[in-house]
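Colleague: here's my sequence, what's the structure:
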Amino acid sequence: MSMMEDFFTREKANEGIKIPLTLPDGSESEHYIVVRGIDSDAFRDAETQAKRNAMSFAAIEDEAMRSEAFADERLGLIAALVADWSFDAPCELDAVKAFLHQAPQICEQIDKVAAKRALFFAKGLSNLPTTPKASSN
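Modeller: Got it, this is the predicted structure:
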């Protein structure tokens, strides 16, 4: 029988999952990023702000500037999904955005992983007891 908690994804989405980073040639590296899920508070806050910003971006008359504003906003949304990383630089929004701008393949990887609720959901289920444990005392 399912319990209410079996449907919860927010806590695991906030914790994030560790993703190893491969180099552009496909070889392994010692680096990783921790990716939050799309149900995380940080992503939901960034998404709300992006929706607000979209109104003002739409009013930008110069098409190139408008496109750049939307692209930067999308990069910020994906950067909000990064909770931590193994690089020496602090894992701050501007640093993450700069990294993702130069490494679009990582940006795509984060986007795909974060949207897969099952990755966060399954992890959450494995930590939940399926039946109440009998007390040993």
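
Colleague: tell me, what residue is most central in the protein?
Modeller: The centroid of the chain falls nearest to Leu81 when counting by C-alpha atoms, centre = their mean (2.4 Å).

Colleague: now do the contacts for that one.
Modeller: By C-beta atoms under 8 Å, 6 or more residues apart in numbering, the contact set of Leu81 is Val35, Arg36, Gly37, Ile38, Ser40, Ala42, Phe43, Ile110, Asp111, Ala114. Quick note: C-beta positions are derived from backbone N, CA and C, even for glycine.

Colleague: farthest-separated two in the residues you listed?
Modeller: Using C-beta to C-beta, the pair of the contacts of Leu81 lying farthest apart is Ala42 and Asp111, separated by 14.8 Å.

Colleague: in the helix or strand containing Phe57, what counts as buried?
Modeller: Using DSSP states H and E, the element containing Phe57 is helix 41-58. Within helix 41-58, the residues that count as buried by 16 or more other C-beta atoms under 10 Å are Ala42, Phe43, Ala46, Ala50, Phe57.

Colleague: which SSE is immediately downstream of that helix?
Modeller: helix 63-79.

Colleague: mean confidence for the helix or strand following that next one?
Modeller: Counting by DSSP H and E, the next helix or strand C-terminal to helix 63-79 is strand 82-85. Strand 82-85 shows a mean pLDDT of 97.
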